[in-house]
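*Asks:* need a structure here:
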Amino acid sequence: MDTKQRQKSKHMDMLNGPLAKNILLFSLPLAASSILQQLFNSVDVAVVGRFAGDDALAAVASNSSVTALFINIFVGLTVGANVVIAKYIGQGKKKEIQDVLHTVIAFAILAGLSMMLIGQVIAKPLLELISTPKGVLDLAVCYLRIYFIGIPFLILYNFGAAILRSTGDTRRPMYCLIISGVTNAILNIVLVVGFHLGVAGVAIATAVADAISATIVLVLLCKEEAFIRLHPRKIKIHGRHLAHVLKVGMPAAIQSGVFSISNVCIQTGINSFGDKAVSGSSVGLNFEYFCFFVINAFAQAAVTFTSQNFGARKIARCKKIFKISMLEGMLLTILLSAVFTIWGDFFTGLYTVNATVVSFALVRMHHVMMLEFLTGSYEISGGVLRGLGHSMVPASLTVLGSVCFRILWLYTIFKQHHTFSMLMSVYPVSWILTGTMVLIAYCIITKKEYKQVA
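*Replies:* All right, here's what the predicted structure looks like:
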């Protein structure tokens, strides 16, 4: 597809044109998609907290780190699909694009159905493992089991959205989330407020919303331009392409999964302060997500832009992609973090009126959020490395600097100084350590890769 055709299509030309503008146009809808998704998820917390009571709020909050674990694993795998398809787009290999597309959709279906069944079995043991307060355990299990019923749709959406992103299309996945999110919000009110279903109502609303977003993405893919069109009868796994996708995606998935495991361990520390701390931490975490989504959007831009340009052997543009993504991502994250922190009392008040819950939320926000931009040091540099096909290095360093360090902190420093503030301090310290290591790796690997291509 030539440049003129790209301009007429819904897909962005990543190989030509101004990078600063295109990276921003790619990243903002992606960040908005994630923020909107979190806002709609926040409706879960707000509705259940306001209309179903503190126990229901704590039950939903207790699941946040668990659901994030499974979501992050599969979102990590979608990086492989994004990188491989984007690289083939840069090289103009249309048949390979088709084979990879149908392979990842087949994989998403199989993985989603498997997780749905496994989730029914592991829900209670997993929540017990992270010391979920006994008073809310049954409610938390109910939520998680219903949530797992909808996970096939969640996985399908994420893989479908990754396919669209590989072409530079981040707007239509955002529209999908807006539609499903509005549905989720309406169903939350109807099921929780109208039918008094509590946490079950919130979980049902989430599952239905996920089904809607997955359906829309699949319909869009079935109507796409020829090189990226999904043909249902061609859905099957091509072993060679699946291996390629997993080679890039598995390290990112393992990183995300192990990262979430460290957060599950930290959740255990949070649980030690009682249900009010669990609820307050969940409220504060919502705003952290908003800020992280900005950095993550620019990291995904770095992955996709680098993959296409490296495939097309445009090294000068690859170098600019890193600098522009880092600058734009960090500046916007600092701005958003400042807004939430300065007006913290107002924003936390949208979720709860309990003064103790609010106090825990504000402690988390003040200790973590204002330094959220530091995550760009390893997310964006790691994104470039993944775009070059080096997925294991950033994954390994992130696991070492963030995951292992956080667990070590939990069982040493936090054990000696058992305060909520000390527990929250682990985040910025681990970001500095991880960012330093990944940036060093970026300098070493890119120097070697770019020299070979040149």
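*Asks:* just give me the neighbour total for the residue lying closest to Val403 once chain neighbours are set aside.
*Replies:* Spatial nearest neighbour of Val403, excluding adjacent residues (CB to CB, 6 or more residues apart in numbering): Ser262 at 4.2 Å. For the C-beta atoms, the positions are set from N, CA and C on the backbone; glycine is no exception. A total of 22 residues lie near Ser262 under the criterion other CB atoms under 10 Å.
*Asks:* and the strand or helix carrying Ser262, average pLDDT?
*Replies:* Here Ser262 is covered by helix 239-271, with elements defined by DSSP states H and E. Confidence for helix 239-271, expressed as mean pLDDT, is 84.
*Asks:* again with stretch 333-346
*Replies:* 91.
*Asks:* what's in contact with it?
*Replies:* 287, 290-292, 294-295, 347, 358, 361-362, 365-366, 369-370, 372-373, 375-376 (CB atoms under 8 Å, 6 or more residues apart in numbering).
*Asks:* thinking again about what came up before, quick one, what contacts the residue nearest to Val403?
*Replies:* By CB under 8 Å, 6+ apart, the neighbours of Ser262 are 402-404, 406-407.
*Asks:* so how far is Ser256 from it?
*Replies:* 11 Å (CB to CB, to the nearest Å).
*Asks:* likewise for Leu15?
*Replies:* Counting by CB to CB, the gap from Leu15 to Ser256 is 29 Å.
*Asks:* so those two - more neighbours on which side?
*Replies:* Ser256 (24 against 17).
*Asks:* return the helix or strand in this protein with minimum mean pLDDT.
*Replies:* The least trusted helix or strand in the chain, going by mean pLDDT, DSSP states H and E, turns out to be helix 3-8, with a mean of 43.
*Asks:* next SSE after it?
*Replies:* Following helix 3-8 in sequence, per DSSP H and E, is helix 19-51.
*Asks:* and that following helix, which residues are buried?
*Replies:* 19, 22-49, 51 (16 or more other CB atoms under 10 Å).
*Asks:* one more: stretch 223-232?
*Replies:* For stretch 223-232, by 16+ other CB under 10 Å, it's 224, 227-228, 230.
*Asks:* please enumerate residues in contact with that stretch?
*Replies:* 1, 9, 11, 85, 89, 94, 97-98, 101-102, 105, 163-164, 167, 218, 221-222.
*Asks:* over to stretch 111-128?
*Replies:* Residues contacting stretch 111-128 (CB under 8 Å, 6+ apart): 62-63, 66, 70, 74, 77, 137, 140-141, 144-145, 147-149, 151-156.
*Asks:* swap the cut-off to 6 Å and go again
*Replies:* For stretch 111-128, contacts defined as CB atoms under 6 Å, 6 or more residues apart in numbering pick out 66, 140-141, 144-145, 148, 151-152, 155.
*Asks:* ok, now stretch 350-361?
*Replies:* 45-46, 49, 276-277, 279-280, 283-284, 348.
*Asks:* ok, which pair from those residues is furthest apart?
*Replies:* Ala46 and Ala277 (18.6 Å; CB to CB).
*Asks:* quick one on the thing from earlier: out of the contacts of Ser262, who has the most neighbours?
*Replies:* Of these, with other CB under 10 Å as the count, Ser402 tops at 26 neighbours.
*Asks:* low-confidence ranges, this protein, go.
*Replies:* Within the chain, the ranges that satisfy pLDDT under 70 run 1-10, 41, 260, 454.
*Asks:* before we move on, the earlier item: could I get the contacts of Ser262 as TSV with secondary structure and distance to Glu128?
*Replies:* Shown next, in TSV, are the contacts of Ser262 (DSSP: H, G, I helix; E, B strand; the rest coil; distance: CB to CB, whole Å):
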residue	secondary structure	distance to Glu128
Ser402	helix	26
Val403	helix	22
Cys404	helix	24
Arg406	helix	22
Ile407	helix	19
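*Asks:* distance to Gly329 added to those residues, as TSV?
*Replies:* Listed next are the contacts of Ser262 as TSV, based on distance: CB to CB, whole Å:
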residue	distance to Gly329
Ser402	18
Val403	22
Cys404	25
Arg406	23
Ile407	27
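*Asks:* let me know the closest of those to Leu246.
*Replies:* Nearest to Leu246 among the contacts of Ser262, with distances taken as CB to CB, is Val403, at 20.8 Å.
*Asks:* show me which of the contacts of stretch 333-346 are buried.
*Replies:* Buried members of the contacts of stretch 333-346, counted by 16+ other CB under 10 Å: 287, 290-292, 294-295, 347, 358, 361-362, 365, 369-370, 372-373, 375-376.
*Asks:* for the contacts of stretch 223-232, which PyMOL command selects only the ones that are buried?
*Replies:* Burial among the contacts of stretch 223-232 is assessed by 16+ other CB under 10 Å; the matching PyMOL selection reads:
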select buried, resi 1+9+11+85+89+97+98+101+102+105+163+164+167+218+221
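*Asks:* just the ones of the contacts of stretch 223-232 in helices?
*Replies:* 85, 89, 94, 97-98, 101-102, 105, 163-164, 218, 221-222 (DSSP state H).
*Asks:* as a markdown table, the residues you listed with distance to Arg386 would be great.
*Replies:* Formatted as a markdown table, the ones in helices among the contacts of stretch 223-232 follow (distance: CB to CB, whole Å):
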| residue | distance to Arg386 |
| --- | --- |
| Ile85 | 13 |
| Ile89 | 16 |
| Lys94 | 23 |
| Ile97 | 19 |
| Gln98 | 23 |
| Leu101 | 19 |
| His102 | 23 |
| Ile105 | 21 |
| Ile163 | 17 |
| Leu164 | 18 |
| Leu218 | 26 |
| Leu221 | 23 |
| Cys222 | 28 |
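*Asks:* now Glu225: phi and psi?
*Replies:* phi -60, psi 160 (degrees, to the nearest 10).
*Asks:* that one and Tyr378: what is the separation?
*Replies:* 35 Å.
*Asks:* repeat for His390
*Replies:* Following CB to CB, the distance that separates His390 from Tyr378 is 14 Å.
*Asks:* more crowded one of the two?
*Replies:* Neighbours per residue, other CB under 10 Å: of His390 and Tyr378, the larger number sits with Tyr378, 28 against 20.
*Asks:* next up, the contacts around the more buried one.
*Replies:* 398, 434-435, 438.
*Asks:* so it is in which element?
*Replies:* Per DSSP H and E: helix 376-387 holds Tyr378.
*Asks:* need the helices for the stretch 351-454 of the chain, in chain order.
*Replies:* 355-368, 376-387, 392-398, 405-411, 413-416, 420-424, 426-453 (DSSP state H, counting those that start in this stretch).
*Asks:* ok, back up a step: can I get the contacts of stretch 350-361 in CSV with distance to Ala316?
*Replies:* Formatted as CSV, those follow (distance: CB to CB, whole Å):
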residue, distance to Ala316
Val45, 46
Ala46, 48
Gly49, 51
Lys276, 54
Ala277, 50
Ser279, 50
Gly280, 48
Val283, 45
Gly284, 42
Thr348, 46
